[in-house]
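Participant: Pasting the sequence and the predicted model now:
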Amino acid sequence: MTPLYAGMPLWSWIAAGFAVVVLLVLVFSVAAASRKRSRWDHAFDIRMADARWFADSLTLAVADRTKGTPELVRTWTDGVPRMSTLSQQLFELSTVAPTDKRAIQPRYVANAVDSLRQALDADVRLRTQGFAPGQDSLIAESAMVVSSRRRDLDDVLARYHG
């Protein structure tokens, strides 16, 4: 005969204890995953703000056709390291994302940032390395490419940051 404790058999107490332990493990696992997601979301929000600064501030400052060569070069030279770091941080975020869906988001942002950075770099080189016949049309075309890539980054930022 099975001994009774407080009117219940021993096996039911063991099963209840096991259920409580499983429930506690589950609660702690969900809380840990939630904290990890929250930290990742915060890091992604910071990178999104940097990408927004790139699109709205640095790009417009570099694309400004009224700037002289020294000011243009200084503005771009000051901004390039920050954009390289941003791209690297976005790719790193994609490798530690809590879900596959979240891993895709920083990759798209990084690709749009890199694309705009390349267009701006080409634009700066065209505008600062002397002039040749027909270069004005190339510079005008470069401005359109920069504008298009900026819109692409804006679209990606809107898609992932509502």
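Facilitator: Looks like it arrived, so ask away.
Participant: list the helices and strands the lengthiest helix in the chain packs on?
Facilitator: Longest helix in the chain by number of residues, with DSSP state H as the criterion: helix 10-53. Packing partners of helix 10-53 (3 or more CB pairs under 8 Å, 6 or more residues apart in numbering; DSSP states H and E): helix 69-95, helix 100-128, helix 135-161. Bear in mind the C-beta positions are built from the backbone N, C-alpha and C, glycine included.
Participant: Return the most buried member of the ones you listed.
Facilitator: Among the helices and strands packed on helix 10-53, ranked by average contacts under mean count of other CB atoms under 10 Å, first place goes to helix 100-128 (a mean of 18).
Participant: How far off centre is that one?
Facilitator: Its chain's average C-alpha position is 11 Å from that of helix 100-128, according to CA atoms, centre = their mean, to the nearest Å.
Participant: How about stretch 39-56?
Facilitator: On CA atoms, centre = their mean, the centre of stretch 39-56 falls 6 Å from that of its chain.
Participant: buried sites along that stretch?
Facilitator: 40, 43-44, 47-48, 50-51, 54-55 (16 or more other CB atoms under 10 Å).
Participant: nearest to residue 65, of the residues you listed?
Facilitator: residue 55 (18.0 Å; CB to CB).
Participant: who's in contact with the residue lying closest to that closest one once chain neighbours are set aside?
Facilitator: Using CB to CB, 6 or more residues apart in numbering and skipping the chain neighbours, the partner closest in space to residue 55 is residue 153 (4.8 Å). For residue 153, the contact set (CB atoms under 8 Å, 6 or more residues apart in numbering) comprises 51, 54-55, 109, 112-113, 115-116.
Participant: Now with 6 Å, please.
Facilitator: Residue 153 sits next to 55, 112, 116 when contact means CB atoms under 6 Å, 6 or more residues apart in numbering.
Participant: Skipping its backbone neighbours, what lies nearest the last one in space?
Facilitator: The shortest distance from residue 116 to any residue other than its chain neighbours is 4.2 Å, reached at residue 149 (CB to CB, 6+ apart).
Participant: Isn't that neighbour up against residue 114?
Facilitator: No: at 9.7 Å, residue 149 does not count as touching residue 114 under the criterion of CB atoms under 6 Å.
Participant: So residue 86 sits against residue 50, correct?
Facilitator: Yes: the criterion here is CB under 6 Å, and residue 86 meets it with residue 50 at 4.8 Å.
Participant: No further questions, thank you.
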